[in-house]
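Q: only geometry, no sequence info:
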């Protein structure tokens, strides 16, 4: 009875299912399960070791790598175990290509994910070092811009590598992509130029959102830095849209880092003003500037003999980057100068012309 059962089992194991026997299929199934379990155990062991090492170091890169390794899911284990299991089977060319393709896609996806995170890490680190610190919003924006270019580049190489390993002739494909890419780049030249300019702005940071800038004849507060354009809100209230290419090629004045303003202005008094009163003017101006608040006198000089006035040049600093503070201080000192001149009997000059008629 036992011998008959053994013969039946042997007959079942040697039964053909396609090009493979039942025994071959069972071996492949066992191989798949063992490979899946062993791969999971080894991966978890290595992950724990890497986590232990990462906790002992101060580097941030190992934390990024651990984060990526933790994200490796069961589909990766299944793809690798399936590829190992089918090596002993006789499969049709189509199924062989499908299994190999699944394996290559799974491995390529994980490698690209790790490479992308590492590249982003170094890019953001370089940006942080150049800018002296970046906000979370800026980091996310730069990361988003870089992710587009990095993903396109890495997946282009990855897909070509997958197709090459699957036996496809990629020479004609690469040539076609090159011609197509050239045509697209020519058609979208201005758009791509603006996109790369936005990348330059994100890295170099000539200005940020909220900064007041002057570009040529346009000036306003930066409200949004996009991929193609940057939007300013002018002092009159309207929105000014400027291409990023223009911003990276033009001379931009940024008032964000302005700690204090240097102000130069002139006053003129009549030629009839006495010398004693002319000597008092610097003291009067100094007193008026010091009382204006947030101001620091640099110099007051009797500068020139004008066409109709004796001109003084005045230079002072105001310790504020706000334009309103500057105008408030200037108004206060102007009124103070007029008041002091009235007390001293000093008259401001205005355009006059004296005609002498000789008999």
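A: The structure has been received and is ready for your questions. Everything numeric here is computed off the predicted structure, so don't read it as measured data.
Q: and the strands in the stretch 151-300 of the chain, which stretches?
A: Using DSSP state E, counting those that start in this stretch, the strands of the stretch 151-300 of the chain run over 212-215, 218-225, 229-233, 239-243, 252-254, 261-269, 295-305.
Q: quick one: which of these is nearest residue 35?
A: The closest of the strands of the stretch 151-300 of the chain to residue 35 is strand 218-225. By Cβ to Cβ, the value is 49.9 Å. Placement of C-beta: from N, CA and C, glycine included.
Q: quick one: strands adjacent to that closest one?
A: Applying DSSP bridges to the sheet, strand 218-225 is found paired with strand 212-215 (antiparallel), strand 229-233 (antiparallel).
Q: how about TSV for the ones you listed, with distance to residue 35, mean pLDDT and mean neighbour count added?
A: Below are the strands paired with strand 218-225 laid out as TSV (distance: least, Cβ to Cβ, whole Å; pLDDT from 0 to 100; neighbours: other Cβ atoms under 10 Å):
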stretch	distance to residue 35	mean pLDDT	mean neighbour count
strand 212-215	60	88	19
strand 229-233	53	89	19
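Q: nearest to residue 92, out of those strands?
A: Nearest to residue 92 among the strands paired with strand 218-225 is strand 229-233 (54.2 Å), distances taken as Cβ to Cβ.
Q: what's in contact with the closest one?
A: Residues outside strand 229-233 that contact it (Cβ atoms under 8 Å, 6 or more residues apart in numbering) are 194, 201, 213, 215, 218-224, 239-244, 247.
Q: for the chain, which helix is longest?
A: The longest helix of the chain (DSSP state H) is helix 93-131.
Q: which other helices and strands contact that helix?
A: Other elements packing on helix 93-131 under the criterion 3 or more Cβ pairs under 8 Å, 6 or more residues apart in numbering; DSSP states H and E are helix 61-70, helix 74-85, helix 136-165, helix 189-204.
Q: rerun that using 7 Å as the cut-off
A: Here helix 93-131 touches helix 61-70, helix 74-85, helix 136-165, going by 3 or more Cβ pairs under 7 Å, 6 or more residues apart in numbering; DSSP states H and E.
Q: out of the strands paired with strand 218-225, which is closest to residue 329?
A: When those are ranked by distance to residue 329, counting by Cβ to Cβ, first place goes to strand 212-215 at 18.4 Å.
Q: hmm, who's touching that closest one?
A: With Cβ atoms under 7 Å, 6 or more residues apart in numbering as the test, strand 212-215 has contacts from 207, 219, 221-222, 242, 247, 250, 252-255.
Q: go again using 6 Å as the cut-off
A: Contacts of strand 212-215 with the rest of the structure, by Cβ atoms under 6 Å, 6 or more residues apart in numbering, involve 207, 221, 250, 252-255.
Q: just the buried ones from these, in ChimeraX syntax?
A: Only the buried entries of those go into this ChimeraX selection, using 16 or more other Cβ atoms under 10 Å:
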select :207,252,254,255
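Q: so of the contacts of strand 212-215, which two are at opposite extremes in space?
A: Pairwise distances across those peak at 17.3 Å for 221 and 250 (criterion: Cβ to Cβ).
Q: now the angle from the strand or helix carrying residue 48 to helix 74-85?
A: Secondary structure assigned from DSSP states H and E places residue 48 in helix 22-56. Helix 22-56 runs at 140 degrees relative to helix 74-85, counting by axes from the mean of the first three to the mean of the last three Cα atoms, to 10 degrees.
Q: elements contacting helix 22-56?
A: When contacts are defined as 3 or more Cβ pairs under 6 Å, 6 or more residues apart in numbering; DSSP states H and E, helix 22-56 packs onto helix 2-13, helix 61-70, helix 74-85.
Q: which of those has the lowest average pLDDT?
A: Lowest mean pLDDT within these: helix 2-13, at a mean of 54.
Q: neighbours of residue 343, just the number please.
A: Using other Cβ atoms under 10 Å, residue 343 has 9 neighbouring residues.
Q: ok so, going back, I'd like to know which of the contacts of strand 212-215 is nearest to residue 235.
A: residue 221 (8.6 Å).
Q: and that closest one, what pLDDT?
A: At residue 221, the model reports a pLDDT of 89.
Q: measure it to residue 79 for me?
A: Noted for residue 221: a distance of 52 Å to residue 79, by Cβ to Cβ, to the nearest Å.
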